[in-house]
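*Asks:* generate coordinates for the sequence data below:
(3 chains)
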Amino acid sequence: MTDAFQPNLDFTAAEQVDAREAFVVDLEGYEGPLHVLLALARTQKVDLLKLSITRLAEQYLAFVHEARRRNFSLAADYLVMASWLAYLKSRLLLPRTDKGKGDEMPAEEMAAALAFRLQKLEAMRKAVEAITARPQLKRDVFTRGDPEATVIVPSDRVDASLYELMAAYVTQRRREEQRHYNPGQRVEAFGLEAARDWLRDILPRLEEWTPLERVAPERRADDGPTQASFTASTLSASLELVKEGAMDVKQAEAFADLYLKRRGRGQPLELVP
Amino acid sequence: MIQFAPDHGEIERRVEALLFAAAGPLSAAEIARRLPEGADVGGAISALRERYQGRGVELECVADRWRFRTAPDLSFLMTEEREEPRRLSKAALETLAIIAYHQPCTRAEIESVRGVSLSKGTLDLLLEMGFVRLRGRRRTPGRPVTYGTADRFLEHFGLSNLYDLPGVQEMKAAGLLDLSIPVGFEVPDPSRATDGDDEPLLPGEEDAPEFARDFVAED
Amino acid sequence: MIQFAPDHGEIERRVEALLFAAAGPLSAAEIARRLPEGADVGGAISALRERYQGRGVELECVADRWRFRTAPDLSFLMTEEREEPRRLSKAALETLAIIAYHQPCTRAEIESVRGVSLSKGTLDLLLEMGFVRLRGRRRTPGRPVTYGTADRFLEHFGLSNLYDLPGVQEMKAAGLLDLSIPVGFEVPDPSRATDGDDEPLLPGEEDAPEFARDFVAED
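*Replies:* Numbers count the residues shown, from 1 in each chain, chains lettered A, B, ... in the order given. This next block holds a predicted model:
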């Protein structure tokens, strides 16, 4: 079992996958770009640390190209990886200058680090295989089907995990929240009828352009409608009065203050109670 | 897997495994059904019976069915250590969780979060297990005792200190809090909690609750 | 009841009976508590282990505790006892393996090994199944929570302890269990851009996960 974890991973046993066939990748089976890279790397049949990163980059770019051609929707991760690999490849191919940009890691090191990540992921995949190949409880091996009830066992361990503790806490806080649920005061609106009456009352005094906020009644009590409701209903009612020809409304630009003003004296509306 | 006809020893092994894993006693016929045709179940049972003769475990026949059971002369081992299993009840776990996050807190505060009154046994159990300790007294009418977690709590949950207690982020990560997090949901950080105005508890305090003395003595 | 000091054979019988009767694995300490002072539990366990070697039932060490279980090669017989296992997805298994081999490790580290962000249900499921537990917090900025395996993981896969994980020594020797990826190497990852609290681990950091040390320190 342990030889599955030779540091030098050997892929001679890997399937003979033609590079073209590698495109026929079932995306469902892959978790992300790194998994695809690993699958592609295996086709090179070399130690992952001696992998040709430029070739791998080409393979991956071809994979992404092919996937897009076939209209597979690729997650953003795949495309980010593609551009990063294209960049890495170009840096690997460029003749090495005396010194690159000081803060940048040499391309060879980046390539080695990528190879390391692939090797690590490969090791974890093998670990999954090795662990799941072990005899599993209640699948392969069985403990006593009918333990004797007289013995009350593992008494030196308390059966409670941090997860359970957290879960217990959250459940209760939620319950508490529900118990104390307070829908708040009933939102009362300033009725349109009332707004119209109000406007009619003050209309005679609106001889100058007056901002809407000053026209609307002021909120007095703490219960009752909110100031926003007073303003909104006053606006609605005033638009009706505009339509009826009793008032004018103006606004300089979008979101600017609204101004209201009565029309000339003797408008018929004033006669209406 | 063995493909060729199993020999006596192999049949005996299989019968042994079947009897061991079965949820109840098995008849010879039931065993035979799970073995290759013609397997000598009777012979295997006799061999097993002999093998286990005088051991800590014996093969016993009840109503024509077979089962393993521990040797009758060792029954004292089985009953002697009849301890209550240390599985925390739901109430205990919930109480512990509230104390952990809201410490120092009084009994009334615990009850207010839980919405039910706390049975006496619950706090006693947590105190007795060493998960919870008395921390002090609140300077409010009645001078209620405040509770906090004790060292064994940290040990048991593998926390190096209270600061390590998982917070909102971890609750989210563990899938315990979803998008419908109640507005203003906060988890107190018990490592920052101070005893505030609470008075320290005096050992042997006269009017301490009955369990206080035990606890103090134990510490 | 036996009054005189029991001999080796008698101790072995008692250990055998206790292990057979138990509903879960027992530690040597738990067994010792039920035996006369000074009883050689270790010797009895070794003797039993040898006695049951190759039988239909064997003595096995899981999570540093002992239990009898049926021989793995007889699994084909156990159709009636078999429980339909909860199938873990490939992602969940990989996550479990990463946690097992790198513990304690943070969510960000798991994601960095797999190169994808962890889907929501994965850790929850592992936590809920009792395979994984929260271990503590990393002493790095953001103090991310670290995860490790729980005893149930070892019990389920029949591992006596974390050193028993397949290939762990080889991987460690090959440097594959090192979580610190060379400085500056960071494949841009849009899925993690928002996770402000996931601090990449700096190499040479004080408590970079050191497999052996953490494991030992825990017990």
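
*Asks:* buried sites along stretch A:72-90?
*Replies:* A:74, A:77-78, A:80-82, A:84-85, A:88-89 (16 or more other CB atoms under 10 Å in any protein chain shown). Backbone N, C-alpha and C define where each C-beta goes, glycine included.

*Asks:* same question, stretch B:126-136
*Replies:* Buried, per 16+ other CB under 10 Å, within stretch B:126-136: B:126-127, B:129-136.

*Asks:* show me the two of these that sit farthest apart.
*Replies:* Maximum pairwise distance among those (CB to CB): 20.5 Å, between B:Met129 and B:Gly136.

*Asks:* and the closest residue to B:Ala21 other than its chain neighbours, what does it touch?
*Replies:* Closest residue in space to B:Ala21, ignoring its immediate chain neighbours: A:Phe142 at 3.8 Å, by CB to CB, 6 or more residues apart in numbering or on different chains. A:Phe142 makes contact with B:17, B:20-21, C:69-70, C:78, C:81 under the criterion CB atoms under 8 Å, 6 or more residues apart in numbering or on different chains.

*Asks:* show me the buried residues of stretch B:126-136 that map onto helices.
*Replies:* B:126-127 (DSSP state H).

*Asks:* out of the buried residues of stretch B:126-136, who's nearest chain A?
*Replies:* Closest approach to chain A among the buried residues of stretch B:126-136 (CB to the nearest CB): B:Met129, at 7.0 Å.

*Asks:* would you list every one of the helices in chain A?
*Replies:* Counting by DSSP H, the helices of chain A are A:33-42, A:53-69, A:76-93, A:107-132, A:162-179, A:192-202, A:212-215, A:227-243.

*Asks:* mean confidence for the first one?
*Replies:* By that I understand helix A:33-42. For helix A:33-42, mean pLDDT is 88.

*Asks:* and if you look at the fifth one?
*Replies:* Mean pLDDT, helix A:162-179: 80.

*Asks:* now do stretch A:228-240
*Replies:* 88.

*Asks:* how far does it sit from the chain's center?
*Replies:* 39 Å (CA atoms, centre = their mean, to the nearest Å).

*Asks:* go through that stretch and flag the buried ones.
*Replies:* By 16+ other CB under 10 Å, the buried positions in stretch A:228-240 come out as A:229-235, A:237-238.

*Asks:* quick one: which of the contacts of A:Phe142 has the most company?
*Replies:* C:Thr70 (28 neighbours; other CB atoms under 10 Å in any protein chain shown).

*Asks:* now the helices: where do they sit in chain B?
*Replies:* Secondary structure of chain B (DSSP H): helices at B:8-21, B:28-33, B:41-52, B:75-80, B:90-102, B:107-114, B:120-128, B:151-156, B:168-173, B:210-218.

*Asks:* let's have the ones you listed in CSV, adding mean pLDDT.
*Replies:* Below are those laid out as CSV (pLDDT from 0 to 100):
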stretch, mean pLDDT
helix B:8-21, 94
helix B:28-33, 93
helix B:41-52, 94
helix B:75-80, 70
helix B:90-102, 89
helix B:107-114, 88
helix B:120-128, 86
helix B:151-156, 81
helix B:168-173, 78
helix B:210-218, 37
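
*Asks:* let me see the contact set for A:Tyr60.
*Replies:* Taking CB under 8 Å, 6+ apart as the test, what A:Tyr60 contacts is A:33, A:36-37, A:40, A:81-82, A:85.

*Asks:* count of neighbours near the residue lying closest to A:Ala111 once chain neighbours are set aside?
*Replies:* Using CB to CB, 6+ apart and skipping the chain neighbours, the partner closest in space to A:Ala111 is A:Ile53 (4.0 Å). By the criterion of other CB under 10 Å, A:Ile53 has 21 neighbours.

*Asks:* again, but for A:Arg262
*Replies:* Counted with other CB under 10 Å, A:Arg262 comes out at 21.

*Asks:* what do you get for B:Gly158?
*Replies:* For B:Gly158, the count of nearby residues is 16 (other CB under 10 Å).

*Asks:* that one contacts C:Arg135, doesn't it?
*Replies:* Yes: assessed by CB atoms under 8 Å, B:Gly158 is found in contact with C:Arg135 at 5.9 Å.

*Asks:* which one of the helices of chain A lies nearest to B:Gly9?
*Replies:* B:Gly9 sits nearest to helix A:107-132 of all the helices of chain A, at 30.6 Å, using CB to CB.

*Asks:* what number of residues lie near B:Cys105?
*Replies:* Neighbourhood size, B:Cys105 [other CB under 10 Å]: 23.

*Asks:* sorry, wrong one. I was asking about A:Glu108.
*Replies:* A:Glu108 sits with 12 neighbouring residues when counted by other CB under 10 Å.

*Asks:* which pLDDT value belongs to it?
*Replies:* For A:Glu108, pLDDT reads 85.

*Asks:* nearest spatial neighbour of it, skipping sequence neighbours?
*Replies:* Closest residue to A:Glu108 apart from its sequence neighbours, by CB to CB, 6+ apart: A:Leu92 at 7.3 Å.

*Asks:* and the one you found, how far from chain B?
*Replies:* 38 Å (CB to the nearest CB, to the nearest Å).

*Asks:* again with A:Ala107
*Replies:* Distance from A:Ala107 to chain B, by CB to the nearest CB: 36 Å.

*Asks:* pretty sure that residue sits against A:Tyr87.
*Replies:* No: assessed by CB under 8 Å, A:Ala107 is found out of contact with A:Tyr87, at 9.2 Å.

*Asks:* what does chain B put close to chain C?
*Replies:* Proximity of chain B to chain C is confined to B:1-2, B:12-18, B:20-23, B:34, B:54-57, B:68, B:70-71, B:74, B:76-78, B:80-81, B:158-160, B:163-164, B:166, B:169-170, B:173-175 under the rule CB under 8 Å from any CB of the partner chain.

*Asks:* if any of these are buried, put those into a ChimeraX selection.
*Replies:* Those of these that count as buried under 16+ other CB under 10 Å are selected in ChimeraX with:
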select /B:12,13,14,15,16,17,18,20,21,22,34,55,56,57,68,70,71,74,77,78,81,158,159,164,166,169,170,173,174,175
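
*Asks:* how many other residues sit next to the closest residue to A:Glu208 other than its chain neighbours?
*Replies:* In space, and not counting its chain neighbours, A:Glu208 is closest to A:Lys261: 6.5 Å by CB to CB, 6+ apart. If you count neighbours by other CB under 10 Å, A:Lys261 ends up with 15.

*Asks:* correct me, but A:Lys261 touches A:Thr210?
*Replies:* Yes: the pair A:Lys261 / A:Thr210 is scored as a contact, 6.8 Å apart, by CB under 8 Å.

*Asks:* the residue lying closest to A:Leu258 once chain neighbours are set aside: how many residues sit nearby?
*Replies:* When the adjacent residues along the chain are set aside, A:Leu258 lies closest to A:Leu212, with 4.2 Å between them (CB to CB, 6+ apart). If you count neighbours by other CB under 10 Å, A:Leu212 ends up with 17.

*Asks:* and the residue nearest to B:Ala21, what are its phi and psi?
*Replies:* A:Phe142 adopts backbone torsions of phi -130, psi 140, taken as degrees, to the nearest 10.

*Asks:* looks like the residue nearest to A:Glu108 contacts A:Ala111 (just checking).
*Replies:* Yes: here A:Leu92 reaches A:Ala111: they are 6.3 Å apart, a contact under CB under 8 Å.
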